[in-house]
Each structure stands twice: as C-alpha cells, then as structure tokens.
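Trainee: Below is the sequence, then the predicted model.
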Amino acid sequence: MVTIRRTINRLPKVDYNGIGNSTEIVIQEPKTKNSIRTIPLMPVIINELMKWKNVQLSDAQTAGEAYNDSGFIVTHQLGGYIEPRNFKKFYDEIIEGAGLGHYTFHALRHYVE
C-alpha cells in the first residue's frame, strides 16, 4: 500500500513583487479530503519500490549528514524532492525514448489491460 498525504507543486508566488521568481515550490496536503488516501499496489510495483528504497538507503549512507529523508518516494541523491519541472523533463525523455508518443504524467492514472 502507498499512502498519499502530501503533494508538491510549483505555484504562483503569493507575495510576488516583480523581482525574482514568480513561482515557488509548495508542499501541502492534497486539494480535497478524498485525495488523502491509501492505494493498494501490485506485487511487481512493491518489488520495484523496495529496490528503490535500497537505492535511497545507499544514497543516505553515501551522503551522511547531508542526506535529508524527506519522506517522498521520488527523491534525488540527497533525499530531497525532485523539482516538478525536472521530473516532467525526465518523464518526457523516457516516454520519447521508449517511442510511446505523447502521454502526460496524469495519463498514468488510467490502467488498461
């Protein structure tokens, strides 16, 4: 099972004054109460996530005190979140490299047998 408790988004900066970035990373609870949920996972996905957890543990050992266990599943080598724009870029490269055409990340929510 995986539990969704937080979201990460790049949103317009509330106090934007025309200087610097007009957006900021916001980590918050999902938009609706029903969005906080626990989702059952297929065994193959659980196995892949366990392998990824081992990568994270190895990263933590290598980084030592510089490692920050953010609690996110998708993290960089120091344990923090991956910036949403970078994640989208990586995702698009994988989809293109696999020759799958154009699918938004949101499209992964739909399962077809």
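Mentor: Structure's in. What do you need? Residues are numbered from 1 along each chain as shown.
Trainee: What is the burial count for the residue nearest to Gln28 when sequence neighbours are not counted?
Mentor: In this structure, Gln28 finds its nearest non-sequential neighbour in Thr7, 6.1 Å apart by Cβ to Cβ, 6 or more residues apart in numbering. All C-beta atoms are positioned from the backbone trio N, CA, C, and that covers glycine. For Thr7, the number of neighbouring residues by other Cβ atoms under 10 Å comes to 14.
Trainee: I figured Thr7 was touching Thr32, is that so?
Mentor: No: using Cβ atoms under 8 Å, Thr7 makes no contact with Thr32, being 10.9 Å away.
Trainee: so what's the residue nearest in space to the middle of the chain closest to, chain neighbours aside?
Mentor: In the chain, the C-alpha nearest the mean C-alpha coordinate belongs to Val74, at 4.3 Å (Cα atoms, centre = their mean). Distances taken as Cβ to Cβ, 6+ apart put Ile82 closest to Val74, at 5.5 Å, once the chain neighbours are dropped.
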